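1. how would this look folded up:
(2 chains)
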Protein chains: 2
Amino acid sequence: MSNLQQKYLDMVNQSLESYVYPVTDGQDIVRDAMLYSLKNGGKRVRPMLTLAFCEVCGGNPHDALPFACAVEMIHTYSLIHDDLPCMDDDDLRRGKPSCHKQFGEANALLAGDGLLTLAFETVTKAENIASADIVRAVKVLSNLAGCAGMIGGQVIDLLSEEKSVDYNTLHCIDKLKTGALIQAAALLGCIAAGITDKSILRAAEVYAENIGFAFQVIDDILDVTADTETLGKPVGSDEKNEKSTFVKLLGLEKCRQLANDLTDSAVSALETMPGDTAFLRAFAQLLAKRKQ
Amino acid sequence: MSNLQQKYLDMVNQSLESYVYPVTDGQDIVRDAMLYSLKNGGKRVRPMLTLAFCEVCGGNPHDALPFACAVEMIHTYSLIHDDLPCMDDDDLRRGKPSCHKQFGEANALLAGDGLLTLAFETVTKAENIASADIVRAVKVLSNLAGCAGMIGGQVIDLLSEEKSVDYNTLHCIDKLKTGALIQAAALLGCIAAGITDKSILRAAEVYAENIGFAFQVIDDILDVTADTETLGKPVGSDEKNEKSTFVKLLGLEKCRQLANDLTDSAVSALETMPGDTAFLRAFAQLLAKRKQ
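-> From the prediction side, this is the model:
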């Protein structure tokens, strides 16, 4: 891990918890559930992207922390709700009991709702950022996390369950379910730096779309090639759930090639960005090589 | 219903749907579920309050419509999640199948998440309102709908289930679970009108706190005195669920007195407001006399 990556990671981990403010006596259980899932060893890909894009665009990454943490809260809520019995019914998340296994279904539902709501409150806590840019951040985040983005992907995914879907449908699901929030993370970094130039915002989107797509292809590869301990979740679960994956549709070798091509496209998109993009280039390559 | 009340109601009902924008093909089911619950005959108490407070404070109620609709979306999502099997497990809502009975649990969960997310996107669609005021609206709404407000009330309510709770706990639950969002509705009206004067914002809060409390006391009264057809949900459900209510703690007669006293306090709080408060006075009294 580079020094800069460690710096971003520390910034996120140190401030994430501080935004989950204490509540009235007797409600601690929902706060505990929120913190349990927030602190459950996520890779922090999204919030690191927000800080990195902010810095590349000439902003101060400290100013972007509330935006970065908001994106991570939304990612975390989506995992909590995704694991619920009425959805994927997963008992494990990153090698530990999923939120509803630890706190019960009702508390997990409310912890998810709480994190989603807190994400928007956290966005408004940004300092040194113009109100117009905070409004833009709320707009982009709610749009890409909502029915036109992440939730929409979830819905198509549900409808496709136990059906074999084609490449285009699978791509559409992943673009929305995983890609949309990664895109929001990148855009929020640019917005935190006050960027309004459409070509820069578009470059951030293209970078995010490509690493988001690569991320999902690699997830599918790891589901058949990794071991459970490294992955922190059962391998072969896609097979077990009769889930369509890129590996099933294209085969392992073509998937590896696709992930590399997507990473190259992400890196090329950075040419339009104003600042030093070394970190973002290395980050895309690191994600392509991840083992978990 | 007064002309002004009808006007506010029409404004809300006409615009609410327009904010639930169409989504990609194949995701229609979640939009259908969101619209089903949004259009399921709510009284629109909260959005009407937002419009009324905006107008009393000298603003144009049309400008406050996105704020008003956002509050109603949050109210609706909370009902959808509340009715889920892991929460209250209610099959009926306002005399019709609850969202998960109609669309299945997973879609109901996502419809709730979708409405909560859309609420914040809708707030950002306000026109003729300064960015700083939109940021204030997001802050107030997320705070009062979150763990320090509505969700917090839900959590204490869950912990108190099948236990007999005292007056103070019951008051605390209702203040958060019902009162907080009514307070947000009133405050968002003032914010839409650009109000920053703390005494006016405080007056709106006190009015909202009192009608919110009265609203819950009357709910408890109706649960033992109304008939199922008028109420749109089974009467006596509090008794069946062994739920603590104000009627059980204080008796019917004292509850009626309490509701009247709270309504009087709400009306008194309006003296600090700048404009013509006739509508808000009549509205508080109308809520106190409601039969469903």
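2. Just the helices from the stretch 1-150 of chain A, written as ranges.
-> A:3-16, A:28-38, A:45-56, A:65-83, A:99-103, A:105-123, A:131-145, A:150-160 (DSSP state H, counting those that start in this stretch).
3. could the ones you listed be laid out in JSON lines, adding mean pLDDT?
-> As requested, the helices of the stretch 1-150 of chain A are exported to JSON lines (pLDDT from 0 to 100):
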{"stretch": "helix A:3-16", "mean pLDDT": "95"}
{"stretch": "helix A:28-38", "mean pLDDT": "95"}
{"stretch": "helix A:45-56", "mean pLDDT": "98"}
{"stretch": "helix A:65-83", "mean pLDDT": "98"}
{"stretch": "helix A:99-103", "mean pLDDT": "96"}
{"stretch": "helix A:105-123", "mean pLDDT": "98"}
{"stretch": "helix A:131-145", "mean pLDDT": "98"}
{"stretch": "helix A:150-160", "mean pLDDT": "92"}
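4. Could I get those in TSV, plus columns for distance to residue B:183?
-> Where C-beta positions appear, they are placed from N, C-alpha and C, glycine not excepted. Shown next, in TSV, are those (distance: least, C-beta to C-beta, whole Å):
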stretch	distance to residue B:183
helix A:3-16	28
helix A:28-38	20
helix A:45-56	32
helix A:65-83	23
helix A:99-103	28
helix A:105-123	15
helix A:131-145	21
helix A:150-160	28
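5. Need those in a markdown table (columns: mean neighbour count and distance to residue B:111).
-> Shown next, in a markdown table, are the helices of the stretch 1-150 of chain A (neighbours: other C-beta atoms under 10 Å in any protein chain shown; distance: least, C-beta to C-beta, whole Å):
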| stretch | mean neighbour count | distance to residue B:111 |
| --- | --- | --- |
| helix A:3-16 | 16 | 28 |
| helix A:28-38 | 21 | 21 |
| helix A:45-56 | 27 | 24 |
| helix A:65-83 | 26 | 12 |
| helix A:99-103 | 21 | 19 |
| helix A:105-123 | 27 | 13 |
| helix A:131-145 | 24 | 15 |
| helix A:150-160 | 23 | 9 |
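6. Any chance of TSV for those, columns distance to chain B?
-> Below are the helices of the stretch 1-150 of chain A laid out as TSV (distance: least, C-beta to the nearest C-beta, whole Å):
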stretch	distance to chain B
helix A:3-16	15
helix A:28-38	5
helix A:45-56	16
helix A:65-83	6
helix A:99-103	8
helix A:105-123	4
helix A:131-145	4
helix A:150-160	5
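7. So which of those is nearest residue B:42?
-> Across these, residue B:42 has its closest neighbour in helix A:105-123 (19.2 Å, C-beta to C-beta).
8. hang on, isn't residue A:275 packed against residue A:58?
-> Yes - using C-beta atoms under 8 Å, residue A:275 is in contact with residue A:58, at 6.0 Å.
9. Neighbour count: these two, which is higher?
-> Neighbours per residue, other C-beta atoms under 10 Å in any protein chain shown: of residue A:275 and residue A:58, the larger number sits with residue A:275, 17 against 11.
10. which ones are touching the more buried one?
-> A:55-58 (C-beta atoms under 8 Å, 6 or more residues apart in numbering or on different chains).
11. any idea of the mean pLDDT for stretch A:187-197?
-> The average of the pLDDT scores along stretch A:187-197 is 98.
12. Tell me if it is near chain B.
-> No - if you take C-beta under 8 Å from any C-beta of the partner chain as the test, stretch A:187-197 misses chain B, and the best it gets is 12.5 Å.
13. Quick check: buried residues in the top helix by length along chain A?
-> Counting residues, the longest helix found in chain A (DSSP state H) is helix A:198-225. Using 16 or more other C-beta atoms under 10 Å in any protein chain shown as the test for burial, helix A:198-225 gives A:200-201, A:203-223.
14. and the stretch 151-292 of chain A, which residues reach chain B?
-> A:151-152, A:154-156, A:158-159, A:172, A:176.
15. quick revisit: now the longest helix of chain A and helix A:45-56, what's the angle there?
-> Helix A:198-225 and helix A:45-56 meet at an angle of 150 degrees, taking axes from the mean of the first three to the mean of the last three C-alpha atoms, to 10 degrees as the criterion.
16. Tell me the helices and strands packed up against helix A:198-225.
-> Contacts defined by 3 or more C-beta pairs under 8 Å, 6 or more residues apart in numbering or on different chains; DSSP states H and E place helix A:198-225 against helix A:45-56, helix A:167-174, helix A:180-192, helix A:237-240, helix A:246-250, helix A:252-269, helix A:278-288.
17. Return the distance of residue A:255 relative to chain B.
-> Residue A:255 sits at a distance of 24 Å from chain B (criterion: C-beta to the nearest C-beta, to the nearest Å).
18. which residues touch stretch A:199-217?
-> Residues external to stretch A:199-217 that are found in contact with it (C-beta under 8 Å, 6+ apart): A:45, A:49, A:53, A:57, A:171, A:174-175, A:178-180, A:182-183, A:185-187, A:189-190, A:195, A:246, A:255, A:258-259, A:262-263, A:265-267, A:269-274, A:280, A:283-284, A:287-288.
19. Now stretch A:271-285: average pLDDT?
-> Averaged across stretch A:271-285, pLDDT comes to 95.
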